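Q: Give the three-dimensional model of this entry:
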Amino acid sequence: MIGKIQTGRTLIMTILNIINMAKLTKIQKTTEIPEAIDRYLAEHNASQTILAQMAGIDKAYVNQIAQGKTHIGETPIKDKYYEAVARAIGLNLTPEKWMHFNTYNFKSSIMALEKARKNRERVGIDGDTGLGKSYVSAIFKRKYARDVILVKCSGIENSKEFAVNFAAAVGADITGTKGKVVKNACAKIKQMDGFPMVIIDEFENSKIGNIPTIKAIADELEGVAGVAVIGIDVQKMLEKAAVRRKQGYIQVNRRWSFTWVKLDPDIREDVLQICNSLGITAKSAQNWLTARVHDFDSLKNICKSALEEAEKSNRQVNSELLNELYPL
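A: Next up is the predicted model:
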């Protein structure tokens, strides 16, 4: 009897040990936690040594984790070290139905922004809605919180309001004429250390008055800071307006010639990668999603709903469940 109890207790303990192994995802280890460390150290002007003391672990672990490494030499870094760092910086590692994915478009955009920032040059990122453009700009802003000035074009603001929003994002004086406000903001950027960069998102919403303002920003910051414009069909918009000789568009089009990164509208391979990462492995569900979903916002909403329903009803995510949730 004692032997049976011991065997049962051993089995239970084994199961509990397996459950209690955090099973952090590769994305959490190589991307989410390292990026959170970068943000924390920058925002708090802290060092890895201080973070190691806060986490109660050796600095060598913090150093490797911050680099996105999963091993020290040939020894895997245990999840408890990642968890200790996450607790120290206030990062919640609770499993989510959705997470960050290094899609082809995300990697292409980040590489283009990194290059423009380091070389202090211009870049344009052009892609359809839902391909992650604004998400990329927000991630880049978080990564380089002190260096990146992120401003959006709004369809309802005039060019003076755009200039004021730009100056406010820089922390510059917003009083005076539009030209003065822009010059004040650019002067402050010129005084920044490191690799300053301006990202203008939702560029397709630019009013006619914004175009000369954006030209002025590009000219003032030439060789000083990277300047990125991001939007939907913005390359075509500039080219067409330039052909029609619209004021300002000719110059802006020329300044962004040969700098464009075109995002791939075909996300089928990314959909499959994301499905596998989320545990949606039924071929019928994968085929359903690749045939119907063409942007990441829709994919996120559908996958979250499907996974929640599958968990609630103890079913697999397959085409039958997806058709129930989203009938044709």
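
Q: From the chain's centroid, how far away is stretch 108-117?
A: When distances are taken as CA atoms, centre = their mean, to the nearest Å, stretch 108-117 is centred 12 Å away from the chain's centroid.

Q: If you count neighbours, what's buried in it?
A: With burial defined by 16 or more other CB atoms under 10 Å, the residues of stretch 108-117 counted as buried are S108, S109, A112, L113, E114, A116, R117. Glycine gets a C-beta too; all of them are placed from N, C-alpha and C.

Q: now stretch 153-169
A: Taking 16+ other CB under 10 Å as the criterion, stretch 153-169 shows C153, E157, S159, F162, A163, V164, N165, F166, A167, A169 as buried.

Q: Same list (the residues you listed) but as TSV, adding distance to I274.
A: Conversion of the buried residues of stretch 153-169 to TSV gives the following (distance: CB to CB, whole Å):
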residue	distance to I274
C153	30
E157	35
S159	40
F162	35
A163	39
V164	39
N165	34
F166	35
A167	39
A169	32
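
Q: Verify the contact between S298 and T129 for me.
A: No: S298 is beyond contact range of T129, at 10.1 Å (criterion: CB atoms under 8 Å).

Q: buried set for stretch 58-70?
A: For stretch 58-70, the buried set under the neighbour-count rule, 16+ other CB under 10 Å, comprises Y61, V62, Q64, I65, A66.

Q: One more: stretch 71-91?
A: By neighbour count on 16+ other CB under 10 Å, the buried set for stretch 71-91 is I77, D79, Y81, Y82, E83, A84, V85, A86, A88, I89, L91.

Q: Could you pull up the residues touching the first one?
A: It stands for I77. Taking CB atoms under 8 Å, 6 or more residues apart in numbering as the contact definition, I77 lies against K29, Y61, Q64, I65, K69, T70, H71.

Q: Which member of the buried residues of stretch 153-169 is positioned nearest E202?
A: C153 (4.9 Å; CB to CB).

Q: What residues does the closest one make contact with?
A: When contacts are counted by CB under 8 Å, 6+ apart, C153 touches F162, I200, D201, E202, F203, E204, N205, S206, K207, N210, G231.

Q: go on, G279?
A: Taking CB under 8 Å, 6+ apart as the definition of contact, the neighbours of G279 are L307, V317.

Q: what's it sitting at in phi/psi?
A: Reported as degrees, to the nearest 10, the phi and psi values for G279 are phi 90, psi 10.

Q: Just the pLDDT for it.
A: The score at G279 is 86. That number is its pLDDT.

Q: Check the secondary structure at V151 for me.
A: State at V151, reduced to three classes by DSSP: H, G, I helix; E, B strand; the rest coil: strand.

Q: just checking, it touches F203?
A: No: applying CB under 8 Å as the test, V151 and F203 come out as separate, 10.3 Å apart.

Q: I figured G223 hits R120, correct?
A: Yes: with contact defined as CB under 8 Å, G223 reaches R120; the gap is 5.8 Å.

Q: Mind checking which of these two has more residues around it?
A: Neighbour comparison, G223 and R120: the larger count goes to R120, with 16 against 7 (by other CB atoms under 10 Å).

Q: can you pull the contacts of the more buried one?
A: With contacts taken as CB under 8 Å, 6+ apart, R120 has the following neighbours: F195, G223, V224, A225, G226.

Q: go on, A218?
A: A218 sits in contact with R122, V227, V252, R255, where contact means CB under 8 Å, 6+ apart.

Q: In ChimeraX, select just the buried ones from those residues.
A: One line in ChimeraX is enough to select the buried ones among those; burial here means 16+ other CB under 10 Å:
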select :122,227,252,255
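
Q: Of the buried residues of stretch 71-91, which one scores lowest on pLDDT?
A: Scanning the buried residues of stretch 71-91 for pLDDT, the low point is L91. It has 88.

Q: Give me the phi and psi for the spatially closest residue to that residue that is not a sequence neighbour.
A: The shortest distance from L91 to any residue that is not its chain neighbour, by CB to CB, 6 or more residues apart in numbering, is 4.6 Å, and that residue is A36. Main-chain torsions, A36, degrees, to the nearest 10: phi -70, psi -40.
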